[in-house]
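Enquirer: From the sequence below, what's the structure:
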Amino acid sequence: LDALEEFDYDLEAFEGQLDRFIDMFEQAIAEQKMDEVIKRLEQLTEEQQAITENLTAEPIADMQELASRERRQEEQFKGLEDAMESASKSMEELSDEAAQQMADLKNSELTQETKSEIKSARKNMQNEDKDASEESAQAAKEKLDEMLAKAQEIQKQFQEDTVDEMMDAFLAVVRNILYI
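Expert: Here you go, the predicted structure:
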């Protein structure tokens, strides 16, 4: 009988540890997805800056080559939107607030305007309109910077929420040990 009770206790302890491991794994996945959003935004911003600098350089760069690079930016932006959606879903269980902020950013006017400016810059480049290209490319760069700043704020919020949650869980465990 004692062996059965010991086995039952060990099984409960094992299930508790397994649950904690799963929670930590889910948190690691959510953090990884949030990091992916930040990394994609940083890459988009850097490339947009390079395109803008090439537009303003003398002598003028090949507009069709820049249009091709801007087209890749459009494709990368679609990947960013997918990453934002995925990050939002991964964070739901861990931080409602951060998950909602990410969903809001993905669906925001800022995101739509950024996508539109990138597309506009590409079309202007294809039409060899240097002034309009510079204007759209610079606007896209500024909006990408703004999106990056917002995503970094969301990441900070997510980290604060999960650290607070982990601290509460840790304190609960310590209290339980002290009252045993």
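Enquirer: Show me what counts as buried in stretch 153-165.
Expert: Within stretch 153-165, the residues that count as buried by 16 or more other C-beta atoms under 10 Å are I154, Q155, Q157, F158, D161, T162. In short, each C-beta sits where N, CA and C put it, glycine included.
Enquirer: C-alpha coordinates for that stretch, PDB please?
Expert: Output in PDB follows, covering the C-alpha atoms of stretch 153-165 (Å, rounded to 0.1, in the frame of the first residue of the first chain):
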ATOM      1  CA  GLU A 153       7.500  47.800 -27.100                       C
ATOM      2  CA  ILE A 154       5.300  44.700 -27.500                       C
ATOM      3  CA  GLN A 155       8.300  42.400 -26.900                       C
ATOM      4  CA  LYS A 156       9.200  44.300 -23.800                       C
ATOM      5  CA  GLN A 157       5.600  44.100 -22.500                       C
ATOM      6  CA  PHE A 158       5.600  40.300 -23.300                       C
ATOM      7  CA  GLN A 159       8.800  39.800 -21.400                       C
ATOM      8  CA  GLU A 160       7.600  41.800 -18.400                       C
ATOM      9  CA  ASP A 161       4.300  39.800 -18.300                       C
ATOM     10  CA  THR A 162       6.000  36.400 -18.500                       C
ATOM     11  CA  VAL A 163       8.600  37.300 -15.900                       C
ATOM     12  CA  ASP A 164       5.900  38.500 -13.600                       C
ATOM     13  CA  GLU A 165       4.000  35.300 -14.100                       C
END
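Enquirer: just to revisit the earlier point, now, among the buried residues of stretch 153-165, which is nearest to S133?
Expert: Nearest to S133 among these: I154, at 31.2 Å, using C-beta to C-beta.
Enquirer: The closest one against L105, yeah?
Expert: Yes - under the criterion of C-beta atoms under 8 Å, I154 makes contact with L105 at 6.8 Å.
Enquirer: Look at K115 and give its secondary structure.
Expert: Following DSSP: H, G, I helix; E, B strand; the rest coil, the label given to K115 is helix.
Enquirer: name the element the spatially closest residue to it that is not a sequence neighbour belongs to?
Expert: Leaving aside its chain neighbours, K115 sits nearest to F77 (5.7 Å; criterion: C-beta to C-beta, 6 or more residues apart in numbering). Here F77 sits within helix 63-91, counting by DSSP states H and E.
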